[in-house]
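Novice: got a predicted structure plus its sequence, pasted below:
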Amino acid sequence: MNELLVLLERFSPGYRDRIEGYPDWLIDELAEAFGRPLPGPYRDFARDMGVNGGPLLAHVRSYDPLLDVAELYRLSPQSELPPRRFLFVFGDPDPLAPSPYWLDLESPSEDGDYQVVRMSFGEESWKQQHRDFVSFREMLFLWAMEYIHLPNFPHHARYLRGKGQQTVTTEDLARILEKMGFTRLPYPRHSLLFERDDAAARLYRRPNDASFEIRVGMRNTDKLKHFQAVIEDNTDLEKSVWEP
């Protein structure tokens, strides 16, 4: 978690002063309510950011390990909850079709971490889960870029690789970005993050899926147009019709 906090502090100086976590003895109350040990990366999160995660978590709700998550397991009818192989971590604020975030404790990924899935509450709803991130830690790193750093840049573009006949790979795209002066961050390793003095980029991949998307933010509109020309001349990625 310290590596994530270092990144957040670099993206937004003073970020550590805006967060608050729980001591271990209180986090143990959630483990007791859940009925099995908590994954190490989640405990680290609860210890550093469980009470207040700052702007990183402004787009989710119900993430407090005690006031939200433990109470969920204490008070919710068993018929509303998925099997205990899934640990609720963040709520979805969508009032019409909420799809909260859960850790799948039967899908290990890296260093004691697990894949992140999204699914609604309700009997049998866990059978329609969607796998969103290869690990809890990777999700937080990608959110740091998406919600904290990229908004600092005024000009944006987004490109997609679908499941069809496109041939460009993430490594192909990484090499193109590095030739344009981007530096690849050492983590994450499934999805990728890149930085340049005047720009930043986030390449996102779902678990077990060849499709991906890249979003770039730049300070200069002419340099963004140059970036787009390079991507469109050298890859078969499709420009997104949606605003980044």
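Specialist: That came through fine. Residues are numbered from 1 along each chain as shown.

Novice: which residue comes closest to residue 27 once chain neighbours are left out?
Specialist: Leaving aside its sequence neighbours, residue 27 sits nearest to residue 46 (C-beta to C-beta, 6 or more residues apart in numbering; 4.9 Å). C-beta coordinates here come from the backbone N, C-alpha and C atoms, glycine included.

Novice: give the contact list for the one you found.
Specialist: 21-22, 27, 30, 38, 65 (C-beta atoms under 8 Å, 6 or more residues apart in numbering).

Novice: just the element for the closest residue in space to residue 63 that isn't next to it in sequence, please.
Specialist: In space, and not counting its chain neighbours, residue 63 is closest to residue 90: 4.7 Å by C-beta to C-beta, 6+ apart. Under the criterion of DSSP states H and E, residue 90 resides in strand 86-90.

Novice: strand partners (parallel or antiparallel) of that strand?
Specialist: Here strand 86-90 is paired, per DSSP bridges, with strand 101-108 (antiparallel).

Novice: what sits up against the strand it pairs with?
Specialist: For strand 101-108, using C-beta under 8 Å, 6+ apart, the contacting residues are 36, 39, 42, 60, 82, 84-92, 114-119, 129, 131-132, 136, 139, 207.

Novice: ok, now stretch 70-89?
Specialist: 29-30, 33-36, 38-39, 42, 62-63, 69, 100-106, 116-117, 119, 121-123, 125-126, 136.

Novice: which parts of it are buried?
Specialist: Neighbour counts using 16 or more other C-beta atoms under 10 Å place 70, 72-73, 81-82, 86-89 of stretch 70-89 among the buried residues.

Novice: stretch 100-110 too?
Specialist: 100-105, 107, 109-110.

Novice: repeat that for stretch 215-230.
Specialist: Neighbour-count burial for stretch 215-230 [16+ other C-beta under 10 Å]: 215-218, 224, 227.

Novice: before we move on, what about stretch 174-190?
Specialist: 174, 176-177, 180, 182, 184, 187-188, 190.

Novice: dump those residues to a markdown table, plus secondary structure.
Specialist: As requested, the buried residues of stretch 174-190 are exported to a markdown table (DSSP: H, G, I helix; E, B strand; the rest coil):
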| residue | secondary structure |
| --- | --- |
| 174 | helix |
| 176 | helix |
| 177 | helix |
| 180 | coil |
| 182 | coil |
| 184 | strand |
| 187 | coil |
| 188 | coil |
| 190 | coil |
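
Novice: for the record, mean pLDDT for the helix or strand hosting residue 178?
Specialist: According to DSSP H and E, residue 178 maps onto helix 170-179. The pLDDT scores in helix 170-179 average 95.

Novice: stretch 186-205 too?
Specialist: 96.

Novice: quick check, distance from it to the centre of its chain.
Specialist: 12 Å (C-alpha atoms, centre = their mean, to the nearest Å).

Novice: check stretch 123-137 too.
Specialist: The chain centre lies 13 Å from the centre of stretch 123-137; the measure is C-alpha atoms, centre = their mean.

Novice: returning to that earlier point: which of the contacts of residue 46 sit farthest apart?
Specialist: The distance between the two most remote of these (C-beta to C-beta) is 13.5 Å, for 21 and 38.

Novice: center of this structure - which residue?
Specialist: For the chain, residue 139 is the residue whose C-alpha lies nearest the centre (C-alpha atoms, centre = their mean; 2.4 Å).
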